[in-house]
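*Asks:* Show me the folded form of this:
(one chain, ligands or ions: 1)
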Amino acid sequence: MSIGIIGSGNIGAALAHLFVKAGHAVAISNSRGPASLHDLVAALGPLAHAASIEEAIAFGDVVIEAIPYGRYRDLPAAALTGKVVVTAGNYYPQRDGVIDMGGRAQSELVAEHLVGARVVKAFNTIWYQHLQEQGDLTKPINERRVIFLAGDDSAAKQIVADLITHIGFGPLDIGSLHDSIAQEPDSPIYNKDITVAQAHAQLAR
Ligand SMILES: NC(=O)c1ccc[n+]([C@@H]2O[C@H](COP(=O)([O-])OP(=O)(O)OC[C@H]3O[C@@H](n4cnc5c(N)ncnc54)[C@H](OP(=O)(O)O)[C@@H]3O)[C@@H](O)[C@H]2O)c1
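*Replies:* Numbers count the residues shown, from 1 in each chain. The predicted structure follows:
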């Protein structure tokens, strides 16, 4: 699969490494432009290349946005129409400023901006160093570290769940974009080092 990544920081770079290791092609971008990504793409190897944001979007069957949450309005909505867009962002007021959620999930605001995109919330509940280290393809899915996902498009969620599986984690579908409130910072499942089986048990409680 071809994957475009917007954001080359902790999460964007960690995912790029995991995706190329799993055999996917990656175009990675950031706010400073492709020249700033020389060292990262050299480390990522031949399956990865540096791109502008527009090029990464055009390249990706799936596009990951891993930029500070408060910048989501900078994402180019027209270019992302029709794309499966994974939003990994978490809202931290001290970093992002005050944003009125109006009772909506953080991902719903992103989806309202990205009209026509197939938005899936994922990868936001795991610290990037755990993401780098804890995937384990040898384990059955239920015994792997869980990565939660949510969205309103079932086919898009299946594509993202498959990617999560390819990089050694276990996907667990929380429900709709609105339901992704349950996987936001300070929720009981946020940043918890638990397996899929443990997560099922915790959610049942
Ligand atoms: N860190 C974690 O463990 C973790 C875990 C889960 C979720 N998250 C969430 O994921 C998001 C990214 O976190 P991070 O830790 O990876 O951040 P980070 O290390 O600060 O990296 C942010 C990246 O976004 C790029 N960027 C910033 N503004 C942009 C814009 N307007 N357009 C395009 N690219 C832009 C930056 O570009 P430059 O490189 O050019 O500055 C940088 O590459 C945040 O919302 C965070 O809360 C983080």
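
*Asks:* Any idea which residue of this structure lies closest to the ligand?
*Replies:* residue 9 (1.9 Å; CB to the nearest ligand atom). From N, CA and C alone the C-beta is placed, and that goes for glycine too.

*Asks:* Hmm, residue 29 is touching residue 49, no?
*Replies:* No - the pair residue 29 / residue 49 is not scored as a contact, 10.1 Å apart, by CB atoms under 8 Å.

*Asks:* circling back: contacting residues around the residue of the chain closest to the ligand?
*Replies:* With contacts defined as CB atoms under 8 Å, 6 or more residues apart in numbering, residue 9 is in contact with 30, 66, 67.

*Asks:* Residue 141 versus the last one, what's the distance?
*Replies:* Meaning residue 67. 29 Å (CB to CB, to the nearest Å).

*Asks:* now, which of the contacts of residue 9 lie close to the ligand?
*Replies:* The subset of those within reach of the ligand, by CB under 6 Å from any ligand atom, is 30, 66, 67.

*Asks:* you'd agree the second one is up against residue 16?
*Replies:* No - using CB under 8 Å, residue 66 and residue 16 do not qualify as a contacting pair, with a distance of 9.5 Å.

*Asks:* which residues are common contacts for the two?
*Replies:* Counting by CB under 8 Å, 6+ apart, the common neighbours of residue 66 and residue 16 are residue 5.

*Asks:* Give the lowest-confidence helix or strand of the chain, using mean pLDDT as the measure.
*Replies:* helix 196-204 (a mean of 94; mean pLDDT, DSSP states H and E).

*Asks:* hang on, the earlier thing: neighbour count: residue 29 and residue 49, which is higher?
*Replies:* Neighbour count, other CB atoms under 10 Å: between residue 29 and residue 49, residue 29 has more, with 26 against 16.

*Asks:* residue contacts, the more buried one?
*Replies:* 4, 5, 6, 7, 8, 37, 50, 51, 52, 53, 55, 56.

*Asks:* at 6 Å what do you get?
*Replies:* Applying CB atoms under 6 Å, 6 or more residues apart in numbering, we find residue 29 in contact with 6, 51, 52, 53, 56.

*Asks:* burial measure for the fourth one, as a count.
*Replies:* To tie it back to what came earlier, the one meant is residue 53. Other residues close to residue 53 by other CB under 10 Å number 24.

*Asks:* Narrow the contacts of residue 9 to those that are buried.
*Replies:* Among these, the ones that count as buried by 16 or more other CB atoms under 10 Å are 30, 66, 67.
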